[in-house]
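K.L.:
quick check, what structure comes out for this input:
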Amino acid sequence: MYKSFRDMPVWQNAMDLSETVFRLVASLPKAEDYGLTSQIRRSSNSISGNIAEAFGRKQKKDKSRFYHISRGSTFETQSHLLYGCKVGYFNKEEIDSLISKYNELIHDLNKILKSLE
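P.N.:
Prediction:
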């Protein structure tokens, strides 16, 4: 059993990916500050935030809800990354690698959700 959400590998991975995304979008055009830059940072940061919130909940139903939200934010982040690649903002190889890491995160969240059933 973990003493803190910070001890959870799934939270650590989500936080690392959020930091990677933060740095990735730093080079986006200024015109994207309130568009893609903001959206992708919020969705990627939401993943670890909702994992932490789930950790703090007592009831399985509450925990499950926040892990589901985190999982949804993972898919949202992947969509933003793919869009950024499609419009030429990001390098395809870099995005493919990130998508793969987010797929691993989804797998880990699915395992947690399964354990709560």
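
K.L.:
any idea which element Ile47 lies in?
P.N.:
helix 36-56 (DSSP states H and E).

K.L.:
hmm, who's touching that helix?
P.N.:
2, 4-5, 8, 10-11, 14-15, 17-18, 21-22, 25, 28, 62-67, 69-70, 73-74, 76-77, 80-81, 83-84, 89, 105, 109 (CB atoms under 8 Å, 6 or more residues apart in numbering). All C-beta spots, glycine's among them, are computed from the backbone N, C-alpha and C.

K.L.:
do that again at 6 Å, thanks
P.N.:
5, 11, 14-15, 18, 21-22, 25, 28, 63, 66-67, 69-70, 73-74, 76-77, 80 (CB atoms under 6 Å, 6 or more residues apart in numbering).

K.L.:
next one: that helix to chain centre, how far?
P.N.:
Offset of helix 36-56 from its chain centre (CA atoms, centre = their mean, to the nearest Å): 6 Å.

K.L.:
quick one on the thing from earlier: buried ones among the contacts of helix 36-56?
P.N.:
Buried members of these, scored by 16 or more other CB atoms under 10 Å, are 5, 11, 14-15, 18, 21, 25, 28, 63, 66-67, 69-70, 73-74, 76-77, 80.

K.L.:
buried sites along stretch 88-105?
P.N.:
89-90, 95, 98, 102, 105.

K.L.:
pull the CA atoms of that stretch into PDB?
P.N.:
Taking Å, rounded to 0.1, in the frame of the first residue of the first chain, the C-alpha atoms of stretch 88-105 are listed here in PDB:
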ATOM      1  CA  GLY A  88       3.300  20.300 -38.500                       C
ATOM      2  CA  TYR A  89       4.000  21.500 -35.000                       C
ATOM      3  CA  PHE A  90       5.500  18.300 -33.700                       C
ATOM      4  CA  ASN A  91       7.900  15.700 -35.000                       C
ATOM      5  CA  LYS A  92       6.100  12.400 -35.800                       C
ATOM      6  CA  GLU A  93       8.700  10.100 -34.200                       C
ATOM      7  CA  GLU A  94       8.600  12.100 -30.900                       C
ATOM      8  CA  ILE A  95       4.800  12.000 -30.900                       C
ATOM      9  CA  ASP A  96       4.700   8.300 -31.700                       C
ATOM     10  CA  SER A  97       7.000   7.800 -28.700                       C
ATOM     11  CA  LEU A  98       4.800   9.900 -26.400                       C
ATOM     12  CA  ILE A  99       1.600   8.200 -27.700                       C
ATOM     13  CA  SER A 100       3.200   4.800 -26.800                       C
ATOM     14  CA  LYS A 101       4.000   6.100 -23.300                       C
ATOM     15  CA  TYR A 102       0.500   7.400 -22.800                       C
ATOM     16  CA  ASN A 103      -0.800   3.900 -24.000                       C
ATOM     17  CA  GLU A 104       1.300   2.400 -21.200                       C
ATOM     18  CA  LEU A 105      -0.300   4.900 -18.800                       C
END
